[in-house]
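need a 3D model of the sequence below.
(chains A and B)
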Amino acid sequence: DIVLTQTPLFLPVTPGEPASISCRSSKSVSDNDDGNTYLDWYLQKPGQSPQLLIYMLGYRASGVPDRFSGTGSSTEFTLKISRVEAEDVGIYYCVQRIEFPLTFGPGTKVEIK
Amino acid sequence: EVQLLESGGGLVQPGGSLRLSCVVSGITLSRYGMSWIRQAPGEGLEWVSSISGSDSTTYYGGSVKGRFTTSRDNSKNTLYLQMNSLRAEDTAVYYCAKGWRRLPHDYWGPGTLVIVSS
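Predicted coordinates:
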């Protein structure tokens, strides 16, 4: 199974400041046939279901503010928030969809300082 | 508007069975792959199962393979998760989500809580 690790696991942030979360995969999640990288990012706000932020490495989901961006390679990925807002608190998960079993990272808890 | 609503959770004894349902509205279920994803109390997300949209091929995580079965009734726009031989470690909130290996999980239900305990 593909193992995803995230750093940091806890991230205190200051509103208005940038923030970034890293995710690393134990193997490539890029498809050589279609060229896509099957790595998504989700945010689970307190008491809510997860919501899709970024899919296929760098595509923002519908309605997601442009302060969120995703970049990376076939094994290392970064979610960046250009200017953190109070509503961005919660747990961020990366997930790979290149193969079954789909696997999630352990999550990064983001809180306001 | 796409909406998913799970039901069927509850308290069950170890070794027991439970069937979860997920009613989907706003899309034609048969056109999309769907997944079940769970979250144990205070823990992270764990993929449980997916079913393809094209031919309803099913896929399972190692911890549930052989015990859980995912199916769909396209006429009712409903996804199911039949859970047998339940264990304490199956205790979790179970989410259904639109999406699978080739599609991101862009819509999620609110989840239904399953507690396996004597």
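
near chain B, which residues of chain A are found?
Contacts of chain A with chain B, taken as Cβ under 8 Å from any Cβ of the partner chain, map to A:1, A:38, A:40, A:42, A:44, A:49-52, A:55-56, A:61-62, A:91, A:93, A:95, A:97-107. Heads up, the C-betas are built off the backbone N, CA and C, glycines and all.

can we see that at 7 Å?
Listed as neighbours of chain B in chain A under the rule Cβ under 7 Å from any Cβ of the partner chain: A:40, A:49-50, A:52, A:55, A:61, A:93, A:97, A:100-104, A:106-107.

for the residue nearest the centre of chain B, give the beta-bridge partners.
For chain B, the residue nearest the mean C-alpha position is B:W36 (3.1 Å; Cα atoms, centre = their mean). On the basis of DSSP bridges, B:W36 is bridged to B:S49, B:C96.

check B:I115 too.
Bridge pairing for B:I115 - DSSP bridges - gives B:L11.

measure it to B:L5 for me?
20 Å (Cβ to Cβ, to the nearest Å).

cool, and A:G58?
Taken as Cβ to Cβ, the span from A:G58 to B:L5 is 31 Å.

before we move on, the earlier item: can you tell me which of the residues of chain A next to chain B is nearest B:W108?
Closest approach to B:W108 among those (Cβ to Cβ): A:S49, at 4.2 Å.

show me what contacts that closest one?
By Cβ atoms under 7 Å, 6 or more residues apart in numbering or on different chains, A:S49 lies in contact with B:95, B:108-111.

before we move on, the earlier item: tell me the contacts of the residue nearest to the centre of chain B?
So B:W36 contacts B:48-49, B:70, B:81, B:94, B:96 (Cβ under 7 Å, 6+ apart).
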